[in-house]
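Q: How does the following fold in three dimensions:
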Amino acid sequence: MTNYGAAELAASFQTVRKNTLVIAEEIPEDKYGFVPVTGWRSLGDLLKHIAWAPMTYEDMFGAKRLTTLKGYDFPGIFVKRAEKERQSMTKAQIVGLLKSEGDRLAEWLGSLNDAYLNETFTDVMSQNPKTRLEGLMSIKEHEMHHRAQLMLLQRMIGLVPHLTREREERARQRAMAAAAAGAKK
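A: As a prediction, this is how the structure comes out:
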């Protein structure tokens, strides 16, 4: 038994998704088409990618319950995911998708038991065994990777990311408390 299990995995994913949703909601709809450089996804497309990317992990570890990634049809699942990501959607639809898919995924992650999470699988060379828990943690790591991109893109369109604003507010409050404590001496 581990100290980090299904409940913790689901909760940590929900925290990551909550922060992604704040960004998705703060970006004006007219900026969802913003593409910083040729060849990159637009903001809206990146958010759709974040919403649909977990389907790969759900296919590997849920539907197929693979013990090795050797022979797994990565191109096939990527085509399915790309078809979903190409769908034209409004900001409201994308935000709704992020919420609904996030809730559904968190529910699934939270339902997994320790025995399942401790099962191992190997990579495409049938080597480097990892637990399913390690594999499933990649879902939130992937989203955090793209959320960092989103925060940079927010800066590019003139927004200050909410996590930066929150950190700056905490620093301001600490400075005010220190000044007040110094004034009492």
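Q: which ones are touching the residue positioned nearest the centre of the chain?
A: Residue closest to the mean C-alpha point of the chain, counted by Cα atoms, centre = their mean, is residue 143 at 2.5 Å. With contact set as Cβ atoms under 8 Å, 6 or more residues apart in numbering, residue 143 has these partners: 13, 16, 17, 20, 50, 53. All C-beta atoms are positioned from the backbone trio N, CA, C, and that covers glycine.
Q: Isn't the last one up against residue 144?
A: By that I understand residue 53. No - if you go by Cβ atoms under 8 Å, residue 53 and residue 144 don't touch, sitting 11.9 Å apart.
Q: how about the strands in this structure?
A: Secondary structure of the chain (DSSP state E): strands located at 120-121, 130-131.
Q: The last one packs against which elements?
A: It stands for strand 130-131. Judged by 3 or more Cβ pairs under 8 Å, 6 or more residues apart in numbering; DSSP states H and E, strand 130-131 is in contact with strand 120-121.
Q: before we move on, back to that, can I get the strands of the chain in JSON lines including distance to residue 110, mean neighbour count and mean pLDDT?
A: Converted to JSON lines, these look like this (distance: least, Cβ to Cβ, whole Å; neighbours: other Cβ atoms under 10 Å; pLDDT from 0 to 100):
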{"stretch": "strand 120-121", "distance to residue 110": "20", "mean neighbour count": "18", "mean pLDDT": "96"}
{"stretch": "strand 130-131", "distance to residue 110": "17", "mean neighbour count": "14", "mean pLDDT": "96"}
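Q: separation between residue 67 and residue 54?
A: 20 Å (Cβ to Cβ, to the nearest Å).
Q: The two: which has the busier surroundings?
A: It is residue 54, of residue 67 and residue 54, that has more neighbours when counted by other Cβ atoms under 10 Å, with 25 against 13.
Q: Which positions in the helix ranked longest in the chain come out as buried?
A: Counting residues, the longest helix in the chain under DSSP state H turns out to be helix 132-156. Within helix 132-156, the residues that count as buried by 16 or more other Cβ atoms under 10 Å are 132-133, 135-140, 142-143, 146-147, 150-151, 153-154.
Q: Distance from stretch 56-72 to the middle of the chain?
A: Distance of stretch 56-72 from the chain centroid (Cα atoms, centre = their mean, to the nearest Å) equals 19 Å.
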